[in-house]
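Visitor: No letters, just coordinates:
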């Protein structure tokens, strides 16, 4: 039995088709990523699975329970951490967790014990009795995630959990998520951070305009692009065009130029020879660059290959709807 299952899921918000026949199956104990730009349908899918929205059509199940016909059972099996930390600013970290436990129907002794365990696990014990409004952004996100685990749910939905965090806090969150999966928790993770999907997800579904456009492991998706990538960082913006000509002449692919004085171009399977050829031509033309490297395609380049757009480009935000 799949831990999470979506079959031909459709959701309309008036004229907007947020989900357009999305299919997804997540095995127990795995981290499954939903990757896509703003407005792709990621949050809408999570809100339906969490019983916060009703689908227009199609089926959504969690641990075999239908999110419409057996919503109460679904809620008892899931934890949800949204895009913004939803903690009570005036309660302490410990009080926040105890409150969630009491709302779940747990007795006070059990709530207190679980709160203490989670505060230790999330490196919040020293701040346990401070009001949450004194916490940093990373601490609030960890407290929010801890709150979603008070009921020991076997399935956890993480909707862009590291949005706005500094690199250190993001790495801490990644460590916590890895620990959860080692404990057997199934995680559905939505993210726009390509490195995050690369680091955490066993499998990834790339979605755009409410439909799955690619799926597989990170390596499988990168293999769809094929070959390797030559990347050049120039020191002087005035040299961008001429360096791009050199790279294109070697790889027979037009180089993509971004705003950080970086050029990227697909190479053949013999990527090292391409790098050597680029280096020789640059030297012969006395062009100095900051860096010249060879690497595998990124997930952003996978998305660009599939759709013709970068995954980080802005899109219309998904409409919100409060269920009746």
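Guide: That came in fine, so what should we check first? Remember, predicted model here, so these are calculated numbers, not experimental data.
Visitor: What does the pLDDT read for the nearest residue to residue 299 once chain neighbours are set aside?
Guide: Spatial nearest neighbour of residue 299, excluding adjacent residues (CB to CB, 6 or more residues apart in numbering): residue 194 at 4.2 Å. In this view, the C-beta of every residue, glycine as well, is placed from N, C-alpha and C. For residue 194, the pLDDT comes out at 75.
Visitor: ok, now residue 60?
Guide: Per-residue pLDDT puts residue 60 at 96.
Visitor: quick one, what contacts it?
Guide: 5-7, 9, 48-49, 66-68 (CB atoms under 8 Å, 6 or more residues apart in numbering).
Visitor: Let's have those in CSV, adding pLDDT and neighbour count.
Guide: Conversion of these to CSV gives the following (pLDDT from 0 to 100; neighbours: other CB atoms under 10 Å):
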residue, pLDDT, neighbour count
5, 96, 19
6, 96, 25
7, 96, 13
9, 96, 26
48, 96, 25
49, 96, 26
66, 96, 14
67, 96, 24
68, 95, 14
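Visitor: Identify those among these that sit within strands.
Guide: 5-7, 9, 66 (DSSP state E).
Visitor: buried ones in the helix or strand harbouring residue 117?
Guide: For residue 117, the host element (DSSP states H and E) is helix 108-121. Neighbour-count burial for helix 108-121 flags 111, 114-115, 118-119, 121 (criterion: 16 or more other CB atoms under 10 Å).
Visitor: Then stretch 134-149?
Guide: With burial defined by 16+ other CB under 10 Å, the residues of stretch 134-149 counted as buried are 135, 138-149.
Visitor: Show the subsequent helix or strand relative to whichever strand or helix holds residue 18.
Guide: Assigned by DSSP H and E, residue 18 belongs to strand 16-26. Using DSSP H and E, the helix or strand that follows strand 16-26 towards the C-terminus is strand 31-35.
Visitor: what's the offset of that next one from the middle of its chain?
Guide: Strand 31-35 sits 6 Å away from the centroid of its parent chain (CA atoms, centre = their mean, to the nearest Å).
Visitor: Show me what it packs onto, helices and strands only.
Guide: strand 16-26, helix 42-49, strand 186-191, helix 194-200, strand 203-208 (3 or more CB pairs under 8 Å, 6 or more residues apart in numbering; DSSP states H and E).
Visitor: Can you tell me which of those is nearest to residue 237?
Guide: helix 194-200 (25.0 Å; CB to CB).
Visitor: So which bits of the closest one are buried?
Guide: Of all the residues in helix 194-200, those buried under the rule 16+ other CB under 10 Å are 194, 196-198, 200.
Visitor: Thanks a lot, catch you later.
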